[in-house]
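1. Any chance you could fold what I've pasted below:
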Amino acid sequence: MTSRYHEVYKSWEEDPEAFWAKAGEEIDWSKPAEKIFDPEMGMYGRWFAGAETNTCYNCVDRHVERGRPGQPAIIYDSPITGAKRTITYQELLSEVEALAAVLREKGIEKGDRVIVYMPMVPEALFAMLACARLGAVHSVVFGGFAANELATRVNDCEPKAIISASCGIEPNRVVKYKPLLDQALDIARHQPEFCLVVQREQGPCELTEGRDYDYLELVEAAKNAGTKVPPVPVAATDPLYILYTSGTTGRPKGVVRDNGGHMVALKWSMKAIYDIDPGEVFWAASDVGWVVGHSYIVYAPLLHGCTTIVFEGKPVGTPDAGVFWRVIEEHKVSALFTAPTAFRAIKKEDPQGEHVGRYDLSQMRTLFLAGERADPDTIRWAQDQLGVPVVDHWWQTETAWAIAANPAGLGLLPVKYGSPTVAMPGYKIEILDDAGHPVGPNTLGNIVVKLPLPPACLPTLWNADERFKESYLLEFPGYYKTADAGMLDDEGYVYVMSRTDDIINVAGHRLSTGAMEEVLSNHPDVAECAVIGAADALKGQMPMGFVVLKSGRDRDPLEIQKECIRLVREEIGPVAAFKTVHVVHRLPKTRSGKILRATMRHIVDHEDFRMPATIDDPAILDEIKGVVEHVDQMRVS
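-> Predicted coordinates:
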């Protein structure tokens, strides 16, 4: 099939408003837009200004009304617990409406914030959709985050309620959420009015009288009462959710997502990028705590009338490296979307693909990879084992959907390993040098997107317009700064090489090295520190710490290393995967005192690098090399 990509992209370039107006016809509006794009609104303009709609109605009610009440909306599959559950669109409406009734009775209204702190269970999706139904703004916090991380988000978005669960379940352990929630609220400045808690049989918890309520009890009572909760109309430009992403200072950034443009772009992407039709089964093997989970476990598949998979498991060990293939066969999955890390883990356990041959994967048409750079070896291995196209694509928490992709629904373009292919309609990608000047093809520079950003991209940060401008708009006027470095080739293929700031990507999870450094600096023996992302064959990157001890300390460095690791795991959570700390005499810096983290990263990854022109003392680099080489030798021996 000849790709229609260039024709479609050109139609967007020639008339962006007409392009998105046409895409917007796929969404049900209670009031049409006065302007498809209003350049005078917001920080750089707003999409579908004046329109009113409701995201929950578009995801649930309209499918019940128009012939899909008995179609599975959600398939829950938990190989860890052995639980499976299929929820039709009619049943989904019942669950969401009952929870919305509970929230409304307890005072939740349009514009209120609700934090969702949940494992991968259907109730997490019910919570998000019930908030959307009421016009409340949800903020999902990944269940693996520690109490301090949860507390910072509570203080920033000031929720009226928190919806949680008694525990999450990992392959070899039960993670008790309720004590983490209690600890977070003990240290948080802001306090919610109430909490709803899903009691799980694997780890029930005590409820705090007067504040905590049993989710399942209240929802069952609301179902029995038959309370109806109509969807609340909201402005297309009203916030649907806040999703916190790591900031370079350690202070999380609350990415705001609107209702109208978000639905339009995600609905368009399901066919154009993923080549999925309504009624098919789409599986994003992610977590609702991350943007992939928001966009492609919850909203996009349900907007499109698909069946979505909620998977509570791991790619290996639940029970083996064939679990993904079992899910695909059993639930007739048409497309899988996951992180390259998952496939590196599967490849490590099953390099010959013996598990693949045990299952019928004939229903599956495409594998999509995103969340981190997909290495060519992993892509080739996946193609060889599955016999389907493997599509790498690139996007960010801030954008909600792909900046660059190989659009399967428009006809695949030739694959170039190492590239997520080409810009999607709405994104005009350019490469600029540090002074803001365009650079030629195949030249490394700052990847930027010409304003305005397309629908679904963040309009601002929660209660932080100035921080939004400083973070994304000021450095390159007229552009959105992706904070990624890369290049465009002669055919417009984009290559994303690395972050330009100090965010690292651990198994698809974007984590702030600044937040980890703040924790390390609190150790009583640490004078200064740096955390970098070291290349890792399985997880993409792993955090590596370097600490300089305060003078006069004569404690065993190994004990200090263990304490540092424990501190980070307690404060940031196990998701940080923080396992390595080196004690060094000093850190390489510029003459102005900036730590040369990028140079340290080159040393750790054994890459060639140029001596930074602004370095204060080049001899320090040899000291860092010596520490790294010593550790490498210890591992070999």
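
2. What residue spans form the domains of the chain?
-> Domain assignment for the chain, taken from automatic domain parsing, gives 5-313+393-449, 504-636.

3. Val310 belongs to a helix, doesn't it?
-> No - assessed with DSSP: H, G, I helix; E, B strand; the rest coil, Val310 is strand; it does not lie in a helix.

4. Spatially nearest residue to it (excluding sequence neighbours)?
-> Tyr76 (4.6 Å; C-beta to C-beta, 6 or more residues apart in numbering). For glycine as for every other residue, the C-beta is placed from the backbone atoms N, C-alpha and C.

5. again with Pro39
-> Gly45 (4.2 Å).

6. Same question for Pro252.
-> The spatial neighbour of Pro252 that comes closest, neighbours along the chain excluded (C-beta to C-beta, 6+ apart), is Tyr244 at 4.0 Å.

7. Pull the residues that contact the helix or strand in which the one you found is found.
-> According to DSSP states H and E, Tyr244 maps onto strand 239-245. The contact list for strand 239-245 (C-beta atoms under 8 Å, 6 or more residues apart in numbering) reads 55, 113, 128, 131-132, 137-141, 153, 156-157, 252-259, 262, 291, 294, 397-398, 462, 510.

8. so after it, what's the next helix or strand?
-> Using DSSP H and E, the helix or strand that follows strand 239-245 in sequence is strand 253-258.

9. And the pLDDT for Cys633?
-> Just so we're on the same page, residue 633 is Gln rather than Cys. Predicted confidence (pLDDT) for Gln633: 65.

10. just the CA coordinates of stretch 240-259, formatted as CSV?
-> What follows is stretch 240-259 as a C-alpha-only set of coordinates in CSV (Å, rounded to 0.1, in the frame of the first residue of the first chain):
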residue,chain,number,x,y,z
LEU,A,240,-9.4,17.1,32.1
TYR,A,241,-6.4,16.1,34.1
ILE,A,242,-3.1,17.1,35.7
LEU,A,243,-0.2,14.6,35.2
TYR,A,244,3.1,15.4,37.0
THR,A,245,6.3,14.9,35.1
SER,A,246,9.8,15.3,36.6
GLY,A,247,11.3,18.7,36.7
THR,A,248,15.1,19.4,36.5
THR,A,249,14.9,21.1,39.9
GLY,A,250,13.3,18.1,41.6
ARG,A,251,10.0,20.0,41.8
PRO,A,252,7.4,18.1,39.7
LYS,A,253,5.7,19.9,36.8
GLY,A,254,1.9,19.5,36.6
VAL,A,255,1.2,19.1,32.9
VAL,A,256,-2.4,20.2,32.2
ARG,A,257,-4.5,18.4,29.6
ASP,A,258,-7.7,19.9,28.2
ASN,A,259,-10.9,18.1,27.2
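
11. how close does the residue nearest to Pro252 sit to Val323?
-> Look at Tyr244 and Val323: by C-beta to C-beta, to the nearest Å, they are 30 Å apart.

12. ok so, going back, so for whichever strand or helix holds the residue nearest to Val310, what gets flagged as buried?
-> Using DSSP H and E, Tyr76 falls within strand 72-78. Residues of strand 72-78 classed as buried by neighbour count (16 or more other C-beta atoms under 10 Å): Pro72, Ala73, Ile74, Ile75, Tyr76, Asp77, Ser78.

13. Adding distance to Leu216 and pLDDT, write the residues you listed out as JSON lines.
-> Formatted as JSON lines, those follow (distance: C-beta to C-beta, whole Å; pLDDT from 0 to 100):
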{"residue": "Pro72", "distance to Leu216": "21", "pLDDT": "98"}
{"residue": "Ala73", "distance to Leu216": "19", "pLDDT": "98"}
{"residue": "Ile74", "distance to Leu216": "17", "pLDDT": "98"}
{"residue": "Ile75", "distance to Leu216": "20", "pLDDT": "98"}
{"residue": "Tyr76", "distance to Leu216": "15", "pLDDT": "98"}
{"residue": "Asp77", "distance to Leu216": "20", "pLDDT": "98"}
{"residue": "Ser78", "distance to Leu216": "17", "pLDDT": "98"}
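
14. Closest one to Leu520 out of these, please.
-> Ser78 (35.8 Å; C-beta to C-beta).

15. so what's that closest one closest to, chain neighbours aside?
-> That would be Glu312: by C-beta to C-beta, 6+ apart, it lies 3.8 Å from Ser78.

16. residue contacts, that neighbour?
-> Tyr76, Asp77, Ser78, Pro79, Ile80, Thr81, Ala83, Pro119, Met120, Val121, Ile169 are the contacts of Glu312 under C-beta under 8 Å, 6+ apart.

17. Quick check: phi and psi at it.
-> Dihedral angles of Glu312 (phi, psi; degrees, to the nearest 10) stand at phi -110, psi 90.

18. what's around Thr86, how many residues?
-> Around Thr86 sit 14 other residues, with neighbours defined as other C-beta atoms under 10 Å.

19. Just to be sure, it is in a strand?
-> Yes - checked against three-state DSSP, Thr86 lies within a strand.

20. Show me what it is bridged to.
-> Note on Thr86: beta-bridge partners Ile75, judged by DSSP bridges.

21. hang on, the earlier thing: list the residues that contact the residue nearest to Pro39.
-> Gly45 sits in contact with Phe37, Asp38, Pro39, Leu451, Pro452, where contact means C-beta under 8 Å, 6+ apart.

22. try it again with 10 Å
-> The contact partners of Gly45, by C-beta atoms under 10 Å, 6 or more residues apart in numbering, come to Lys35, Phe37, Asp38, Pro39, Leu451, Pro452, Leu453, Pro459.

23. Equivalent analysis for Ala370, please.
-> Contacts for Ala370 (C-beta under 10 Å, 6+ apart) come out as 284, 286, 292, 296, 337-340, 391-396, 402, 404-405, 420, 508.

24. same check, this time on Tyr480
-> Tyr480 makes contact with 44, 396, 398-399, 403, 427, 447-453, 457-458, 471-473, according to C-beta under 10 Å, 6+ apart.

25. Please enumerate residues in contact with stretch 7-24?
-> Stretch 7-24 has contacts (C-beta under 10 Å, 6+ apart) with 4, 32-33, 35-37, 47-48, 51, 53, 236, 260-261, 263-265, 267-269, 272, 407, 409-411, 422-428, 452, 454-455, 492.

26. how about the strand holding Tyr76 as CSV, C-alpha atoms only?
-> The C-alpha trace of strand 72-78 is given here as CSV (Å, rounded to 0.1, in the frame of the first residue of the first chain):
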residue,chain,number,x,y,z
PRO,A,72,-16.2,-5.5,26.0
ALA,A,73,-14.8,-2.1,26.8
ILE,A,74,-12.1,-3.3,29.3
ILE,A,75,-10.5,-6.7,29.7
TYR,A,76,-8.6,-7.0,33.1
ASP,A,77,-6.0,-9.6,33.2
SER,A,78,-3.8,-10.1,36.3
